[in-house]
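>>> Sequence plus predicted model, see below.
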Amino acid sequence: MSNEKQVDPGRRGLLVATCAAGGVVGLSTGAALVSTFQPSERAKAAGAPVEVDIGGMKVGDMITVEWRGKPVWILKRSPEMVASLKKTDADVADPKSERKPDELTPDYARNEYRSIKPEILVAIGICSHLGCSPSSRFAEGPQPNLPDNWAGGFLCPCHGSTFDLAGRVFKNKPAPDNLQVPRHMYLSETKILIGKDEKGEA
C-alpha cells in the first residue's frame, strides 16, 4: 500500500483556485509597485529647466519663478545697485564665492556680481541658515533690523541674516553661506534658461 496521501478531488480544486488567485494578486501587486517607481509627469516637470522671459523687466524689478519647488529670483540691478557691491565687498563673509563653489556658485558667476551679466542677478531665494526665504530690502540707509550704512540687499526675517545685492551673506550672521546661484544660461538677450547651462542640466 502506498504512503502517498490521497487528496480529495473537491479540495484539490480549491487548492488550484487558491494558488491561481494568489498568483493574480501577486502579479497585480507587482504591477502596482512597478508603476509606483515610475516618475509622474508632474515630477518630471518639477525638475525640468525653466525658460524665463525678462524682456519686460525694468531697472529695479525683481521677479520670482519656481524651479524644482524653489523660488528663483531674477533681479535687474540698476547701475547704482551694481556699484554698491564694491562697498559691501569688505563686509561680506565670502566676497569671491569660494565656499562650496561647485554646490553654490557656477564658475561663470564667481565674480563680484555673482552673475553672467552685471545687471542681472539670478539666485535661489532660500537662506543658507534654516531655509527661510529672505525679503528684499532694496532701499538704502537706516531701517529697522538693518545697519545704518545699509546699501540695499536682502534680510532673512527668521534669524536676521543679511545679504547684499549679489546674494552674498554679511559677516557674523547665522547664515553660513551666500545664496545659491543655480545653473543658468541666456537663450537670447531677453530669455534665460534656469537649471541648465553649457555643461548640462543641474
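Received, thanks.
>>> For the rest of this, base every contact and every neighbour count on C-alpha atoms.
Will do.
>>> can you pull up the bridge partners for the residue most central in space within the chain?
Centroid-nearest residue in the chain: residue 70, 4.3 Å away (criterion: CA atoms, centre = their mean). With DSSP bridges as the criterion, residue 70 is bridged to residue 67.
>>> Relative to residue 126, how far out is it?
8 Å (CA to CA, to the nearest Å).
>>> circling back to that earlier point, isn't the residue nearest to the centre of the chain right up against residue 127?
No. Residue 70 is beyond contact range of residue 127, at 11.5 Å (criterion: CA atoms under 8 Å).
>>> Got the domain ranges for the protein?
1-38, 45-201 (automatic domain parsing).
>>> got the contact list for residue 107?
residue 101 (CA atoms under 8 Å, 6 or more residues apart in numbering).
>>> Can you list the residue ranges for strands in this structure?
50-53, 62-67, 70-76, 120-124, 135-137, 153-155, 162-164, 184-186, 191-194, 196-197, 200-201 (DSSP state E).
>>> So for the third one, mean pLDDT?
The one in question is strand 70-76. Confidence for strand 70-76, expressed as mean pLDDT, is 96.
>>> Now do it against strand 120-124, angle only.
Orientation of strand 70-76 against strand 120-124 (axes from the mean of the first three to the mean of the last three CA atoms, to 10 degrees) gives an angle of 170 degrees.
>>> what comes into contact with strand 70-76?
Residues contacting strand 70-76 (CA under 8 Å, 6+ apart): 57-66, 119-126.
>>> Only whichever of those are buried, select them in PyMOL.
In PyMOL, this line selects whichever of these come out buried by 16 or more other CA atoms under 10 Å:
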select buried, resi 62+64+119+120+121+122+123+124+125+126
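>>> Quick check: residue 139 vs residue 59, distance?
In terms of CA to CA, residue 139 sits 14 Å off from residue 59.
>>> same question, residue 72
Using CA to CA, residue 72 is found at 18 Å from residue 59.
>>> how about the helices in this protein?
9-37, 41-47, 79-88, 101-104 (DSSP state H).
>>> so where's the chain uncertain?
Scanning the chain for pLDDT under 70 picks out the ranges 1-46.
>>> The nearest residue to residue 171 once chain neighbours are set aside: what's it in contact with?
Leaving aside its chain neighbours, residue 171 sits nearest to residue 93 (4.5 Å; criterion: CA to CA, 6 or more residues apart in numbering). Contacts for residue 93 (CA under 8 Å, 6+ apart) come out as 168, 169, 170, 171, 172, 177.
>>> Next, give phi and psi for residue 93.
Dihedral pair for residue 93: phi -70, psi -30, per degrees, to the nearest 10.
>>> and the gap between it and residue 124?
Distance from residue 93 to residue 124, by CA to CA: 18 Å.
>>> check contacts around residue 190.
Residue 190 makes contacts with 53, 54, 55, as judged by CA under 8 Å, 6+ apart.
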